[in-house]
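Trainee: Output the structure for:
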Amino acid sequence: MSTEKCRCGWAREEPNIYYHDTEWGVPQHDDRVLFEFLILEGAQAGLSWTTILNKRENYRAAYNGFDVKRIAKYDERKVAKLLADPGIVRNRLKVAASIANANAFLAVQKEFGSFDAYVWQFVGGTPRQNKRASMKEVPARTPESDAMSKDLLRRGFKFVGSTICYAFMQATGMVNDHAVDCFRHRAVMKLGR
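Mentor: Here you go, the predicted model:
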């Protein structure tokens with residue numbers, strides 16, 4: 001009899017296994033962490049999540065621990081340094097988007113008191129508890145991610161299409177998309193109560 005835990009199909013090797021088992025789907029309310037995921041999900045556009053996870057520590061170092069106030073003040077010298085850093089995705093549009101997003105993030109914090117208060121409104125403040133038999137049932141976007149994307153874009157955010165927003169919602173526990181036979185489904189569901 002196998003003692004291996006049943007996991008979602010995408011979590012077959014590291015670093016995905018550790019991320020899946022400890023972070024993915026856990027309700028997140030810390031603004032710094034929410035900002036980190038917003039930037040990482042945007043950086044992932046067109047790439048695999050494994051690529052981004054492998055570069056995550058490099059991103060933390062390059063982006064000053066995702067200090068949103070510092071990132072909002074990045075100048076051309078810092079942009080040039082980021083574009084020369086092989087430890088991150090060196091895409092000029094994505095780097096520029098991270099700075100624009102930092103400024104838009106600060107504006108949202110000012111208006112709502114926190115980004116957490118703003119972003120969780122798209123699921124009514126409570127994680128959506130999905131009951132999917134497999135990853136094949138997981139949509140790329142939902143009406144909630146469509147609404148989030150539209151509002152973020154209106155506020156000046158970049159690289160926040162509906163698919164990116166849904167991945168952000170999954171990562172930060174706004175939705176529980178662990179397959180029902182995954183050992184994390186029930187544990188994450190309890191965290192959302």
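Trainee: For Gln129, report the pLDDT, please.
Mentor: Among the per-residue scores, Gln129 holds a pLDDT of 95.
Trainee: wait, doesn't Met189 sit right on Asp177?
Mentor: No. If you go by C-beta atoms under 8 Å, Met189 and Asp177 don't touch, sitting 11.3 Å apart. Every C-beta, even on glycine, is put in place using the N, C-alpha and C of the backbone.
Trainee: which one of those two has more residues nearby?
Mentor: Taking neighbours as other C-beta atoms under 10 Å, Met189 and Asp177 compare with Asp177 leading, 26 against 17.
Trainee: List the contacts of that one.
Mentor: Cys8, Gly25, Asn130, Arg132, Val138, Gln170 (C-beta atoms under 8 Å, 6 or more residues apart in numbering).
Trainee: ditto for Ile164
Mentor: Contacts of Ile164 (C-beta under 8 Å, 6+ apart): Glu41, Gly42, Gln44, Ala45, Ser149.
Trainee: okay but the fourth one is in contact with Lys158, surely?
Mentor: The reference is to Ala45. No. Between Ala45 and Lys158 there is no contact under C-beta under 8 Å: 10.2 Å.
Trainee: mind listing the helices for this structure?
Mentor: 16-22, 31-44, 49-62, 68-72, 76-83, 92-112, 115-119, 143-154, 162-171, 183-191 (DSSP state H).
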